[in-house]
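[1] Fold the following and give me the result.
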Amino acid sequence: MKRTTIYLDHDLEIQLKLEAMKSGRSAVDVIREALRIYLGKRRPGLPEGVGEFESGHKDTAERAEELLQEGFGED
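    Predicted structure coming up:
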């Protein structure tokens, strides 16, 4: 594990200590759990617009090099 220092506002420190006492865990365990929950909810999804359009072509990935050599966006 890597050691990290954090600075807490006074009210947040009190809330942390109360939660640790109430749950019978250390403050470090409460912080780790909170970070896992918070970061787990922020997992990036697919970029906006992915899957909204369908070209009708089923082999685009397999033919990518061929299609790029033909010229991207050229008539």
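[2] Low-confidence bits of the protein, can you list those?
    Residues of the chain meeting the criterion pLDDT under 70: 43, 72-75.
[3] residue ranges of the helices in it, please?
    10-23, 27-41, 64-70 (DSSP state H).
[4] Rebuild the ones you listed as JSON lines, extending it with distance to Gly56.
    Just so you know, the C-beta spots here come from the backbone N, C-alpha and C atoms, and that holds for glycine as well. Below are those laid out as JSON lines (distance: least, C-beta to C-beta, whole Å):
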{"stretch": "helix 10-23", "distance to Gly56": "54"}
{"stretch": "helix 27-41", "distance to Gly56": "36"}
{"stretch": "helix 64-70", "distance to Gly56": "14"}
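[5] Dump the ones you listed into CSV; add mean neighbour count as well.
    Formatted as CSV, the helices of the chain follow (neighbours: other C-beta atoms under 10 Å):
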stretch, mean neighbour count
helix 10-23, 12
helix 27-41, 12
helix 64-70, 10
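[6] among those, which is nearest Lys58?
    helix 64-70 (13.2 Å; C-beta to C-beta).
[7] can you tell which of the helices of the chain is closest to Lys2?
    Judging these by C-beta to C-beta, what sits closest to Lys2 is helix 27-41, at 12.0 Å.
[8] quick one, that closest one and helix 10-23 angle?
    For helix 27-41 against helix 10-23, the angle by axes from the mean of the first three to the mean of the last three C-alpha atoms, to 10 degrees is 100 degrees.
[9] CA atoms of helix 27-41 as CSV?
    Provided in CSV are the C-alpha atoms of helix 27-41 (Å, rounded to 0.1, in the frame of the first residue of the first chain):
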residue,chain,number,x,y,z
ALA,A,27,-11.0,6.0,9.9
VAL,A,28,-8.7,4.6,7.2
ASP,A,29,-11.1,1.8,6.4
VAL,A,30,-14.0,4.3,6.2
ILE,A,31,-12.0,6.5,3.8
ARG,A,32,-11.0,3.5,1.6
GLU,A,33,-14.6,2.3,1.4
ALA,A,34,-15.8,5.8,0.5
LEU,A,35,-13.2,6.2,-2.2
ARG,A,36,-14.0,2.7,-3.7
ILE,A,37,-17.7,3.6,-3.8
TYR,A,38,-17.2,7.1,-5.2
LEU,A,39,-14.6,6.0,-7.8
GLY,A,40,-16.7,3.0,-8.8
LYS,A,41,-19.6,5.2,-9.7
